[in-house]
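**Q** quick one: sequence plus predicted model below, questions after.
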Amino acid sequence: MDKLLKGIPGVRERKRIDYQLAKTQLELLFIQAEKDFRGGITPTISVSSQVNADILFSSSIQSYREALLGCGLARLLDSTINIRLPYVSQGPDAFNGRTLDEKVINPFLRDRMVPCSKGPYLASFRRSVKFVPATSKGLRDKKAYQAFLNLLGDFEKADIPEEISHLISYLLYRFVELREASNVVLARVVRLNLEQHEKLIDGILATSSGGLLPVLLTVAMFNTLKQAFELEWEIDWQGINVADKASGVGGDITIRKGDRILLAVEVTERPIDRSRVVSTFHTKISPHAIEDYLFISTGHLPEKEAYSTALQYFAQGHDVSFLLVKPWLINLLAIVGSNNRSLFISKFIDLLDSHHVPASLKVRWNDLIRNLLE
């Protein structure tokens, strides 16, 4: 019927949304929202919009904010859509809000472990309702619905794509914030072979984490070795943003036996040159009388001068060594056996499950496991 009506004077073609494009746009904006959240950068919007967003995101009705995200995305894709008409039967400038939610919004939020509804058009917004004040009569949280309408008006006032994108970015920032306050359930695996371990480690190391994930991998391995070989080790480690000098330790990871430091480890993503080794010696190795110090790098071999400088300190009784984290992990996993490889994964998940670890990294872990086992 649509084909027959198309081109007839006075008949407007119904609005269609490119759902793949919608998903792509949403992914790009969400990536930036996660980056902003990690960097402590809150997108700036008007005070009134922020007040309405506060009301919306404090409401127990998840449908409102999920539907609003769909409306904003629809307006970004086609500014001629009437985002107050989420059912195609409501007019030629209406859009299919339910299909947009079921194909794009809801699966996207679920995949990223963002708390969301089962579908706003299966819950709050059934029976071809319009997003108008009169609809509030049948809704529970009328204050949150009014905030929803106010923000809908903000999207309507936005004249250019950049303004619309900015509003969506703010909503996504609040969704990320919501997720961080919730409990992300980590995928657990019973057994992986060595090849799967290697692929998993590749994925983890390729994830932007500010250096946290390589530290967690390294700590998990030392804990695995301790338990597997019944070593009398005390393994201390600190967050990546804690200064060594302030915490009174010589590296990211310190392994002790009684009062003696057996090994201090620095896990680094930065290149290691001579000045780095000299600085580490004077600020960490020498003050703590550390005999064995290990640089574990995520992908950069030290410069030649770093090796020669380390050799000078070896002559003074301080053994400074350099390793790459991936081959170090794989070689150890190869010799500890299948049961202890499973132990390593368990130790890593326990560390990842801490409330100090950003939810985005937990979601990334779940994605890596899902892709690995498909």
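**A** Received the coordinates, thanks. None of the values given here were measured: they were computed from a predicted structure.
**Q** how many residues are close by the nearest residue to S321 once chain neighbours are set aside?
**A** Distances taken as Cβ to Cβ, 6 or more residues apart in numbering place L294 nearest to S321, at 5.2 Å, with adjacent residues excluded. In short, each C-beta sits where N, CA and C put it, glycine included. L294 has 20 neighbours, counted by other Cβ atoms under 10 Å.
**Q** so L294 is in contact with L263, correct?
**A** Yes: assessed by Cβ atoms under 8 Å, L294 is found in contact with L263 at 6.2 Å.
**Q** that older thread, what strands line up against the helix or strand where the residue nearest to S321 lies, and which way round?
**A** L294 is located in strand 292-297, with elements delineated by DSSP states H and E. Its sheet considered, strand 292-297 pairs with strand 260-268 (parallel), strand 319-324 (parallel) by DSSP bridges.
**Q** next one: the residue nearest to S321 relative to F281, how far apart?
**A** Noted for L294: a distance of 13 Å to F281, by Cβ to Cβ, to the nearest Å.
**Q** need the residues touching each of the two.
**A** Each of V320 lies in contact with both L294 and F281 under the rule Cβ atoms under 8 Å, 6 or more residues apart in numbering.
**Q** which stretches of the protein have low pLDDT?
**A** 1-15, 239-250 (pLDDT under 70).
**Q** could you chop it up by domain?
**A** Annotated domains of the chain cover 2-180, 194-373 [automatic domain parsing].
**Q** include distance to A187 when you put those into TSV, please.
**A** What follows is these, written out as TSV (distance: least, Cβ to Cβ, whole Å):
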stretch	distance to A187
domain 2-180	11
domain 194-373	4
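**Q** so which of those is nearest R188?
**A** domain 194-373 (6.2 Å; Cβ to Cβ).
**Q** ok so, going back, flag every buried residue along the strand holding L294.
**A** Y293, L294, F295, I296, S297 (16 or more other Cβ atoms under 10 Å).
**Q** how about stretch 212-227?
**A** 212-226.
**Q** same question, stretch 175-186
**A** F175, V176, L178, R179, E180, V184, L186.
**Q** got a list of contacts for stretch 163-179?
**A** 29-30, 32-34, 36-37, 42-43, 45, 49, 53, 57, 65, 68-69, 72-73, 75-76, 79, 109, 112-115, 151, 154-155, 158, 359-360, 363.
**Q** show me what counts as buried in that stretch.
**A** Buried-residue list, stretch 163-179, by 16+ other Cβ under 10 Å: 164-165, 167-176, 178-179.
**Q** try stretch 136-151
**A** Here stretch 136-151 shows S136, L139, D141, A144, Y145, Q146, A147, F148, L149, N150, L151 as buried, counting by 16+ other Cβ under 10 Å.
**Q** show the residue spans covered by the helices in the stretch 151-300 of the chain.
**A** Counting by DSSP state H, counting those that start in this stretch, the stretch 151-300 of the chain has these helices, from start to end: 161-180, 194-205, 212-228, 244-247, 274-280.
**Q** export these to a markdown table and tack on distance to A289?
**A** A markdown table is the format used below for the helices of the stretch 151-300 of the chain (distance: least, Cβ to Cβ, whole Å):
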| stretch | distance to A289 |
| --- | --- |
| helix 161-180 | 41 |
| helix 194-205 | 32 |
| helix 212-228 | 21 |
| helix 244-247 | 15 |
| helix 274-280 | 14 |
